[in-house]
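S.K.: need coordinates for the below:
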Amino acid sequence: MENISTENVHNDKANQDTELMIKKSVEDSLLGLYKLQLIYSKVDKIRIVRGELPLEVRDLEDVCSGIQTRIEKFQDIVNDLNTQTEEKHQLIKRSTMLIAKYKEQLDNVKNNREYEALNKEIEYQNLEIQLCEKKIKEFNQKITDKTEEITELEKELNILRSELQTKESELNDIIAETKKDEMLLLDKAKEFEDKIEPRLLTAFTRIRDNMRNGLAVVKIERDACGGCFSKISPQRQLDIRIHKKIIVCEFCGRILVDNEIAEQSERMLQEQL
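M.R.: You can find the predicted model right below:
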């Protein structure tokens with residue numbers, strides 16, 4: 001009987017040790033995850049300071065690029081029209097020379113058939129000249145229209161480039177002010193990540209990426225999830241407080257911690273930063 005009693009005592013002690021190890025492991029994981037969340041929340045706040053500027057800069061760059069492409073396209077059209085205009089001028093010169101040649105030949109015709117044939121050629125060349133002049137007029141009008149469009153686009157582009165330069169300067173100033181703090185925080189986040197179990201880190205990253213506010217680990221506030229504000233039952237709150245396992249919100253999937261873990265994490269983080 002004494003042996004059985006001693007064995008039971010050893011078993012109880014072993015079970016208690018195992019439970020303590022599990023509790024310690026879970027607590028360490030929760031502390032690490034919540035500290036990591038606090039770090040990334042600070043990084044998010046720094047990036048929020050930049051506001052919409054990065055998006056505005058990117059949008060302005062895209063608009064400027066689009067306008068520049070349109071200007072180049074219109075300039076190609078103008079160049080092509082100028083080439084066609086020059087070709088028509090050359091045709092007019094050729095027709096003018098032919099007309100002079102045919103008129104000279106009229107003085108030496110021997111019969112009516114040759115005379116009529118030369119007059120028809122002269123008439124044809126005159127029609128060619130008229131057609132070329134009409135085309136040149138059309139081309140010149142198109143060149144004028146496209147040149148005006150190019151001028152307006154260049155004015156718009158200059159205004160947008162000036163605005164882009166201002167926005168880029170503002171963004172660069174903000175980045176310069178916050179970059180050092182952001183890099184320090186990201187380095188600290190990497191340090192914490194290396195100490196978290198890969199499976200938990202993957203879950204943390206997945207949850208964070210799926211949340212618009214970037215909160216993957218939240219504490220219980222007023223008996224509710226600090227992320228989606230859904231009520232948490234008393235039994236579930238008790239399970240969270242005893243730190244035997246990692247528990248997620250049934251409604252939003254965020255990892256839940258109690259005030260003890262949250263406060264301890266905040267204290268530790270203040271000491272480590």
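S.K.: give me phi/psi at residue 219?
M.R.: phi -100, psi 160 (degrees, to the nearest 10).
S.K.: so what's it up against?
M.R.: 34, 226, 256-259, 261-262 (Cβ atoms under 8 Å, 6 or more residues apart in numbering). Every residue, glycine included, has its C-beta placed from N, CA and C.
S.K.: next, work out how far apart residue 259 and residue 265 are.
M.R.: Residue 259 sits 10 Å away from residue 265 when distances are taken as Cβ to Cβ, to the nearest Å.
S.K.: hmm, I was thinking of residue 67
M.R.: Residue 67 is 51 Å from residue 265, by Cβ to Cβ.
S.K.: give me the more crowded residue out of these two.
M.R.: Legend: neighbour count by other Cβ atoms under 10 Å for residue 67 and residue 265, higher for residue 265 (22 against 16).
S.K.: check which helices and strands the host helix or strand of that one sits against.
M.R.: Using DSSP states H and E, residue 265 sits within helix 259-272. Contacts defined by 3 or more Cβ pairs under 8 Å, 6 or more residues apart in numbering; DSSP states H and E place helix 259-272 against helix 2-49, strand 217-221.
S.K.: lowest-confidence stretch among these?
M.R.: Lowest mean pLDDT within the helices and strands packed on helix 259-272: helix 2-49, a mean of 69.
S.K.: show the subsequent helix or strand relative to that helix.
M.R.: helix 53-106.
S.K.: count the neighbours of residue 220 for me.
M.R.: Counted with other Cβ under 10 Å, residues neighbouring residue 220 total 19.
S.K.: could you pull up the residues touching it?
M.R.: Residue 220 touches 226, 232, 237, 240, 256-259, counting by Cβ under 8 Å, 6+ apart.
S.K.: which strand residues bridge it?
M.R.: Note on residue 220: beta-bridge partners by DSSP bridges are residue 225.
S.K.: would you mind measuring from it to residue 200?
M.R.: Taken as Cβ to Cβ, the span from residue 220 to residue 200 is 19 Å.
S.K.: ok so, going back, check which residues of the helix holding residue 265 are buried.
M.R.: 261-262, 264-265, 269 (16 or more other Cβ atoms under 10 Å).
S.K.: what of stretch 178-194?
M.R.: 178, 182, 185, 188-189, 192.
S.K.: mind putting those residues in TSV, pLDDT and distance to residue 50 included?
M.R.: Formatted as TSV, those follow (pLDDT from 0 to 100; distance: Cβ to Cβ, whole Å):
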residue	pLDDT	distance to residue 50
178	84	7
182	89	10
185	92	15
188	91	20
189	93	18
192	90	24
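S.K.: okay, and which of these map to strands?
M.R.: Among these, no residue falls in strands (DSSP state E).
S.K.: widest-spaced pair of those?
M.R.: 178 and 192 (20.4 Å; Cβ to Cβ).
S.K.: now do stretch 124-138, average pLDDT.
M.R.: Here the average pLDDT along stretch 124-138 is 96.
S.K.: how far is that stretch from where the chain is centred?
M.R.: Between the centre of stretch 124-138 and the centre of its chain there are 53 Å (Cα atoms, centre = their mean, to the nearest Å).
S.K.: sort out which residues of it are buried, please.
M.R.: Quick answer for stretch 124-138 (16+ other Cβ under 10 Å): 125, 128-129, 132, 136.
S.K.: JSON lines for those, including secondary structure and distance to residue 26?
M.R.: Compiled in JSON lines, the buried residues of stretch 124-138 are given as follows (DSSP: H, G, I helix; E, B strand; the rest coil; distance: Cβ to Cβ, whole Å):
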{"residue": "125", "secondary structure": "helix", "distance to residue 26": "99"}
{"residue": "128", "secondary structure": "helix", "distance to residue 26": "94"}
{"residue": "129", "secondary structure": "helix", "distance to residue 26": "95"}
{"residue": "132", "secondary structure": "helix", "distance to residue 26": "90"}
{"residue": "136", "secondary structure": "helix", "distance to residue 26": "86"}
